[in-house]
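Student: model this:
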Amino acid sequence: MADQTQGTVDSLVGLLATAITDEKKLLGGVQSDMQFIKDEMESMNGFLLHLTKSEGTHDDQVRAWMKQVRDIAYIAQDFIELYRRDFIGPTDEGLWARLRYIPKFLAGLPARHHLANKIRELKVRVHDVGERRQRYNIKIPSAYTAAQRLAASHASQDKVDEERDAFERALARDKEKQQPSFDEAIGLLASKHLRSAATTVRAALYNHDGIITWVRRMLRLTQEDRRTKEEPEVICMEIVLRALRAHSQDSRTAQTKENIMGIVKRADFTNLPNELMIFCYSKLSTSQKSCLQYLYAFHEETSISRTSLVRRWLAEGLVEKKNDRSLEDAAELCFKELLFRGFILPHDRGTSAGKVKSCEIHKAVWEFVYKMSTSENFVSDLPTHLQKQLLIRGFVKKQLEKNPRPREVDGPLSMCRFPRPMRDAADPMDDMVMFLKSLPKRYRLNVLDLGGCRGLKKSHLKSICEVQWLKYLSLRNTGVSRLPKKINNLKLLETLDIRQTELRRRDTEHIYLPKLKHLLTTWTVTLYTGIPRNIGRMIQMEILSRVQVQHDHPSAKKELEDVARLLQLRKLGVVLGGNEAQENMNNLLQAITKLSECLLSLSVSITSLRTSDQPVKTMEMTQQHNAPKLLNSLHISGLGNTGLPRWILQLQQLSEITLCDSLLSKEYLEELGNNLRHLRCLRLRPESYKECKLTFKKYMFQDLRLLIIEGDAVTTLEFEEVGATPKLKKIVWCNTSRDHSGILSGVHHLRNLEEVVLKGHFRNISAIQASIGTKLRYP
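Tutor: All right, here's what the predicted structure looks like:
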């Protein structure tokens, strides 16, 4: 709880510092009040930083005080955001802009006065909370520094991941046994203290029938449960083992052993599993606890999309930035950690290089999260923001039942998937709009996910555009065909997801959302969105996905010049075409040069909508261009026989390449394999390789983990000798040729191979089966 409170206060201090710096924009007579609030909150923040480093749980007085601080921080942040949203001065310079601003300034005087009074009241509350800490003598418990908490580890992140993968494989092998003993997984724990602790927990769980019976009742396993085959004590034991493995480098392993021994000794038979779960929960960090509690908003849903969930965590402010990582990277790591700890389970892994596309949560974890959400927030029911999200998801679920997803629509239904009960004749979206209008004016509704809700009306969208606190809005797969201009009222919006809608260029051209970070769109031949006219002013943009540059239009150059001004852009996806495709490509390369210090992911698609369209002749850079050397993901589609550019060979950080309709030569493949030492994923979509035989030679692609081949061009895949792709774990080959059966050879050289997925016609299945056994998946 200290972690969560400290993150909230830290965010507020930064916001106050920004507001106070610009004295000209401050409310008259309130500057000293805001300065006092900032100073007090900085002092409290320092105290909270010590609390986050303290060992063990905090007493009731400390927890109550932290809750008061967090509540005040939320209120103060609301006031500052309200001021910055409604009372900011003219956005343009010049006399005319100032004259136009005068009516708005005069109209806002009463609201300014009201807000000034609220800030003065807040000052009194902050003062009282500060004195309350001294009055009740709330002291800092004994704390450990970060260096004391974690032993120095020189292993790279790759090595950590490999060790965790080995541990998970050991767990899987243990659970396959009729009576799992977990001997192999326990043996992989780094410390004798942790191994002793794990053995103690195993003995306690396995030796008391009363405990096993209680756990069975707690999990309420049914015949339909996906984990029915696992005994309940196995599940409990696994989560404990994962917590111990996650902290195997902790310098206080002896203390961890004593803590577990104490839990086993003092807990009665029926309470031991819950106490062990609390122990595992206590090993989570700030963001991990906050994000885990937030998951309860989806407890009735069967699966949750990883990418959408991560963006929702960001919109709710649940993730804190650490070291040099971006918030997005921190959120992804948080998801990855919760997955390893066993609090969330993989639902769909897809074909990506080790990434889980969607997750689910065990029933026992749902119940535990509910308990922690209520106890840590001193309430008898869920916190208010979780209750509101549950209500909204209820409206969405009813709308999905009323308007089932059309069969012709491909892709995910929404961030979550629901079972389909009986239909309801009422219009749930009308009820949701009424609910949104009933929210208090100061209530901060950060997230609204309407993914998959068919039948949204124009009136619904206009009402949604009045919810001015929104930071995340998903209209994905809703069938929406027009976007109201009132969308620009959402001045705090950070994520706008309009993928798989029927929106066109005219709907996105007028968008101007100054806080927008993620604009997610979909491109098809008949439906595509363009680049907003004011994109150059949306300087916080980080993801601009699948937007089309105007074909044969004078403004195309200006669009790409404006994109080049987005110096925080991490992911860019553009579609080029028309008679001016080559000129647009040159302009794109110029924009990439200006973004070379920030761009991490690039997708370029060249399309011909008319037979008269001219192809792109080259994607090569000149001496005036710079390659985006930080790039780790590259997707190129539609280059045809033009050939891949040479600057790709300079991208030493590149870990993922996807090619489609962009023919790769045998010679260039060898150059990629010898130069890109960190490439982990190679996807060859249809028409992406010139030869019918794809050969991997020794010393090529030394770090490749995933190989995906699709189409009818490649009919032979060969790994010549030991040393070719030595770390390759998975092969997915979809052979669509009707005339030639696929031939796969040399897989016995791949020592780290875990899985081969073959689809289509193949000639030597029996030989492959003899080489790799159960690793082969072939219908």
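Student: for V756, phi and psi?
Tutor: V756 adopts backbone torsions of phi -130, psi 120, taken as degrees, to the nearest 10.
Student: Over to L473?
Tutor: When read as degrees, to the nearest 10, the backbone of L473 gives phi -130, psi 120.
Student: Pull the contacting residues for it.
Tutor: By C-beta atoms under 8 Å, 6 or more residues apart in numbering, the residues touching L473 are L448, L450, I464, L490, L493, T495, L496, D497. C-beta coordinates here come from the backbone N, C-alpha and C atoms, glycine included.
Student: show me where the stretch 301-450 of the chain has strands.
Tutor: All strands of the stretch 301-450 of the chain, identified by DSSP state E, counting those that start in this stretch, fall at 303-305, 345-348, 358-360, 416-417, 447-449.
Student: most tightly surrounded among those?
Tutor: The highest mean neighbour count among the strands of the stretch 301-450 of the chain, using mean count of other C-beta atoms under 10 Å, belongs to strand 447-449: a mean of 25.
Student: Identify all contacting residues around the helix or strand following that one.
Tutor: Note on strand 447-449: by DSSP states H and E, the next helix or strand toward the C-terminus is helix 458-464. Helix 458-464 is contacted by residues 429-430, 432-433, 436-437, 448, 470, 473, 480, 482-484, 486-487 when judged by C-beta under 8 Å, 6+ apart.
Student: export helix 458-464 as PDB, just CAs?
Tutor: What follows is helix 458-464, C-alpha atoms only, in PDB (Å, rounded to 0.1, in the frame of the first residue of the first chain):
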ATOM      1  CA  LYS A 458     -24.300   9.000 -32.900                       C
ATOM      2  CA  SER A 459     -26.100  10.200 -29.700                       C
ATOM      3  CA  HIS A 460     -24.200   7.600 -27.600                       C
ATOM      4  CA  LEU A 461     -20.800   8.900 -29.000                       C
ATOM      5  CA  LYS A 462     -21.700  12.500 -28.400                       C
ATOM      6  CA  SER A 463     -22.600  11.700 -24.800                       C
ATOM      7  CA  ILE A 464     -19.300   9.800 -24.400                       C
END
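Student: would you list every one of the helices in the stretch 101-250 of the chain?
Tutor: Along the stretch 101-250 of the chain, counting by DSSP state H, counting those that start in this stretch, helices occupy 109-135, 146-149, 157-176, 183-187, 192-207, 209-219, 232-246.
Student: same thing with the stretch 651-779 of the chain?
Tutor: Assigned by DSSP H, counting those that start in this stretch, the stretch 651-779 of the chain shows helices spanning 666-675, 765-772.
Student: The longest one: how far from the chain's middle?
Tutor: By that I understand helix 666-675. In terms of C-alpha atoms, centre = their mean, to the nearest Å, the centre of helix 666-675 is set 33 Å apart from its chain centre.
Student: Can you list the buried residues in it?
Tutor: If you call a residue buried by 16 or more other C-beta atoms under 10 Å, then helix 666-675 has these buried ones: Y668, L669, E670, L672, G673.
Student: that older thread, any chance of CSV for the strands of the stretch 301-450 of the chain, columns distance to W647 and mean pLDDT?
Tutor: Putting these into CSV (distance: least, C-beta to C-beta, whole Å; pLDDT from 0 to 100) gives the following:
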stretch, distance to W647, mean pLDDT
strand 303-305, 34, 90
strand 345-348, 35, 88
strand 358-360, 35, 91
strand 416-417, 41, 52
strand 447-449, 39, 93
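Student: show me the contacts for Q468.
Tutor: R85, N489, L490, K491, L492.
Student: 6 Å - rerun?
Tutor: Neighbour list for Q468: N489 [criterion: C-beta atoms under 6 Å, 6 or more residues apart in numbering].
Student: hang on, it in a strand?
Tutor: No: judged by DSSP: H, G, I helix; E, B strand; the rest coil, Q468 forms no part of a strand; its state is coil.
Student: Give me the number of neighbouring residues for A246.
Tutor: By other C-beta atoms under 10 Å, the residues close to A246 number 18.
Student: got it, and the one 10 residues further on?
Tutor: If you count neighbours by other C-beta under 10 Å, T256 ends up with 20.
Student: Just give me the residue closest to the centre of this protein.
Tutor: V310 (2.8 Å; C-alpha atoms, centre = their mean).
Student: Report the contact partners of that residue.
Tutor: Counting by C-beta under 6 Å, 6+ apart, V310 touches A331, E332, F335.
Student: Kindly report the same for N675.
Tutor: By C-beta under 6 Å, 6+ apart, the contact set of N675 is L649.
Student: Equivalent analysis for the one 3 residues further on, please.
Tutor: Contacts were defined as C-beta under 6 Å, 6+ apart; by that measure H678 touches S655, D703.
Student: Kindly recompute the last result at 10 Å.
Tutor: Listed by C-beta atoms under 10 Å, 6 or more residues apart in numbering, the contact set of H678 reads D158, N632, L651, Q652, Q653, L654, S655, E656, Q702, D703, L704.
Student: PyMOL command to pick out the buried ones of those?
Tutor: To isolate the buried members of the contacts of H678 in PyMOL, using 16+ other C-beta under 10 Å:
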select buried, resi 632+651+654+655+656+702+704
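Student: Widest-spaced pair of the contacts of H678?
Tutor: Within the contacts of H678, two members stand farthest from each other by C-beta to C-beta: D158 and L651, at 18.3 Å.
Student: sorry, back to before: next, format the contacts of H678 as a markdown table and append pLDDT.
Tutor: As requested, those are exported to a markdown table (pLDDT from 0 to 100):
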| residue | pLDDT |
| --- | --- |
| D158 | 70 |
| N632 | 92 |
| L651 | 94 |
| Q652 | 91 |
| Q653 | 91 |
| L654 | 94 |
| S655 | 93 |
| E656 | 94 |
| Q702 | 92 |
| D703 | 92 |
| L704 | 94 |
